[in-house]
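Engineer: my questions concern the predicted model and sequence given below.
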Amino acid sequence: MFSGSPVASSRPEPIVPHGGMPTPARAPRRRPGAPASRTASIFAKLEYHPISMANDPKRREDGDTGLAVKKKPKLEKARRYQVVFHNDDYTTKWFVVDVLERFFHMSEASAHAFMMLVHTHGRGVAGVYSRDVAETKAAEVHDHAREYGMPLHLTVEPEDDRPDGDKDS
């Protein structure tokens, strides 16, 4: 089989320069103005044709887009409720200040000022909340006042949304 003599191959031997590394094969030169590849030449021949509105798949001939658009119902703003303290001659001012600090998160100074406002004007709004929160706060304060034997009077009333504050006659 192997007789020691080299077998001639059909491939030519690469030319090895002085450094011993073969030279890379060169790409054939293209003429100036010619496309870089065959694919590029195919795309160069294509023309751009924008789609007209008549061919738009979203638009039908009758003008209908084919989609039924459901309008969202307008949501009303949630009604807010006031927790109103009413003046009485039996509940101590220190108890009212304690309730305002504990349940309405007021500082001692603002709770004292609010208590004096209720004492002079007969009523005062401690806070404005959603209906559930306002009723829960009022119930908690009533339970706390009952526990200490105080007749503290609170009501939950809808907030008046009108800017001028006038009521209908």
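Structural biologist: Sure, I can see it.
Engineer: report the separation between Glu135 and Val118.
Structural biologist: Using Cβ to Cβ, to the nearest Å, Glu135 is found at 20 Å from Val118. Quick note: C-beta positions are derived from backbone N, CA and C, even for glycine.
Engineer: for the helix or strand containing Asp98, packing partners?
Structural biologist: Take DSSP states H and E as the rule and Asp98 turns out to sit in helix 93-104. Packing contacts for helix 93-104, counted by 3 or more Cβ pairs under 8 Å, 6 or more residues apart in numbering; DSSP states H and E, involve helix 108-121, strand 123-129, helix 131-147.
Engineer: give me the low-pLDDT residue ranges for the chain?
Structural biologist: Applying pLDDT under 70 to the chain picks out residues 1-68, 161-169.
Engineer: outside of the helix holding Asp98, which residues touch it?
Structural biologist: Contacts with helix 93-104, where a contact means Cβ atoms under 8 Å, 6 or more residues apart in numbering, come from 83, 85, 106-108, 110-112, 114-115, 118-119, 126-127, 137, 140-141, 144-145, 148, 150, 152.
Engineer: buried subset of those residues?
Structural biologist: Buried subset of those (neighbour count, 16 or more other Cβ atoms under 10 Å): 83, 85, 106, 111-112, 114-115, 118, 126-127, 137, 141, 144-145, 150, 152.
Engineer: what's the burial count for Ala113?
Structural biologist: Applying other Cβ atoms under 10 Å, we find 14 residues neighbouring Ala113.
Engineer: next: Gly124.
Structural biologist: By other Cβ under 10 Å, the burial measure for Gly124, its neighbour count, is 20.
Engineer: for it, give its distance to Glu147.
Structural biologist: 23 Å.
Engineer: now do Val133
Structural biologist: To Glu147, Val133 is 21 Å away according to Cβ to Cβ.
Engineer: ditto for Asn87
Structural biologist: Using Cβ to Cβ, we find Asn87 at a distance of 21 Å from Glu147.
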